[in-house]
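Undergrad: Okay, predicted coordinates and the sequence, questions at the end:
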Amino acid sequence: MSDDEGVPVVKKSRIFYGSLAEKEKERLAKGESSLGKVAVKSGIDAGNINIGGGESFDLEEHINERQAEVLAEFERRKRARQINVSTDDSEVKACLRALGEPITLFGEGPAERRERLRNVLSVVGTDALKKTKKDEEKSKTSSEEYQKTWYHEGPNSLKAARLWIAQYSLPRALKRLGAARGQRSIPESTRTSLKQELDKSLTSLNNFCSQIGDDRPLSFCHFSPNSRLLATACW
């Protein structure tokens, strides 16, 4: 033996216990219970083996359900290929919004968005989109009808109040327009000099106090006849 062959491998001794079938036959001949039954009983007692109450699993029915699911998926893909989707990306987003789907997903382009809309329509059907559009048109029509002007018969007190306002306002409006027409007849130089005198008198005034008159800018004010109240008008 050379040095290249290395250390010789020592063979380990083996112990042969005989055939398990023969041992089982001897056990049965002696009238003892089978080793398998004892093992099964021990497993049941330990809770490692659960034996049901005679229930069975119908494998053929499960296979038929699986086949039905696969066929339904093929039919859905076939319907998806036959659905025509607009190439306008804004219209595709509007359709997705009408169907309650997100208009865009992370990293999604127009082509993927169109394919997602086609898949959604293949599930819910194209009639769902038509129904949604009809509902939107109906709601839009109802809102437009709600915004239309409509009239109803008012009480006699409203009529009396409006007559009083007209009788009070129209003569004063006529007087105001007459004064405005009279101002137009004054030469431009005279009106400019009057404005300058008014500006000089206003610049000589000092502010004693201030008060907020309204949320919007004030456009006009007028004292009451007894000069105790100031009425203001804003934008």
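TA: Here it is on my side, so go on.
Undergrad: Quickly note the distance from Leu99 to Trp235.
TA: According to CB to CB, to the nearest Å, Leu99 and Trp235 sit 45 Å apart. All C-beta atoms are positioned from the backbone trio N, CA, C, and that covers glycine.
Undergrad: neighbour count winner among the two?
TA: Leu99 (14 against 8; other CB atoms under 10 Å).
Undergrad: Point me to the helix or strand that includes the closest residue to that one other than its chain neighbours.
TA: Leaving aside its sequence neighbours, Leu99 sits nearest to Val120 (CB to CB, 6 or more residues apart in numbering; 5.9 Å). In this structure, Val120 sits in helix 110-124 according to DSSP states H and E.
Undergrad: mean confidence for that helix?
TA: Mean pLDDT, helix 110-124: 80.
Undergrad: can you check stretch 195-209 too?
TA: Mean predicted confidence for stretch 195-209 is 88.
Undergrad: Repeat that for stretch 218-233.
TA: 91.
Undergrad: need the helices for the protein, in chain order.
TA: Along the chain, the stretches classed as helices by DSSP state H are 20-29, 35-46, 59-82, 89-98, 110-124, 126-146, 156-185, 188-203.
Undergrad: Nearest approach to Gln211 belongs to which of these?
TA: Closest of the helices of the chain to Gln211 is helix 188-203, at 18.7 Å (criterion: CB to CB).
Undergrad: Could you list the residues in contact with the closest one?
TA: With CB atoms under 8 Å, 6 or more residues apart in numbering as the test, helix 188-203 has contacts from Gln183.
Undergrad: Kindly format the C-alpha coordinates of it as PDB.
TA: Output of helix 188-203 as PDB, limited to C-alpha atoms (Å, rounded to 0.1, in the frame of the first residue of the first chain):
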ATOM      1  CA  GLU A 188     -64.600 120.800 -17.700                       C
ATOM      2  CA  SER A 189     -62.400 123.600 -16.200                       C
ATOM      3  CA  THR A 190     -65.100 124.500 -13.700                       C
ATOM      4  CA  ARG A 191     -65.600 120.900 -12.600                       C
ATOM      5  CA  THR A 192     -61.800 120.500 -12.200                       C
ATOM      6  CA  SER A 193     -61.600 123.500 -10.000                       C
ATOM      7  CA  LEU A 194     -64.500 122.300  -7.900                       C
ATOM      8  CA  LYS A 195     -62.700 118.900  -7.500                       C
ATOM      9  CA  GLN A 196     -59.500 120.700  -6.400                       C
ATOM     10  CA  GLU A 197     -61.300 122.700  -3.800                       C
ATOM     11  CA  LEU A 198     -63.000 119.600  -2.500                       C
ATOM     12  CA  ASP A 199     -59.600 117.800  -2.300                       C
ATOM     13  CA  LYS A 200     -58.000 120.700  -0.300                       C
ATOM     14  CA  SER A 201     -60.900 120.700   2.200                       C
ATOM     15  CA  LEU A 202     -60.700 116.900   2.600                       C
ATOM     16  CA  THR A 203     -56.900 116.900   3.100                       C
END
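Undergrad: Check the burial of Ala80 by counting its neighbours.
TA: Ala80: 17 neighbours (other CB under 10 Å).
Undergrad: Isn't it up against Gly125?
TA: No: contact between Ala80 and Gly125 fails when scored by CB atoms under 8 Å: they sit 11.5 Å apart.
Undergrad: ok so, going back, want to try a markdown table for the helices of the chain, with distance to Cys209 as columns?
TA: Formatted as a markdown table, the helices of the chain follow (distance: least, CB to CB, whole Å):
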| stretch | distance to Cys209 |
| --- | --- |
| helix 20-29 | 115 |
| helix 35-46 | 97 |
| helix 59-82 | 76 |
| helix 89-98 | 56 |
| helix 110-124 | 64 |
| helix 126-146 | 47 |
| helix 156-185 | 30 |
| helix 188-203 | 17 |
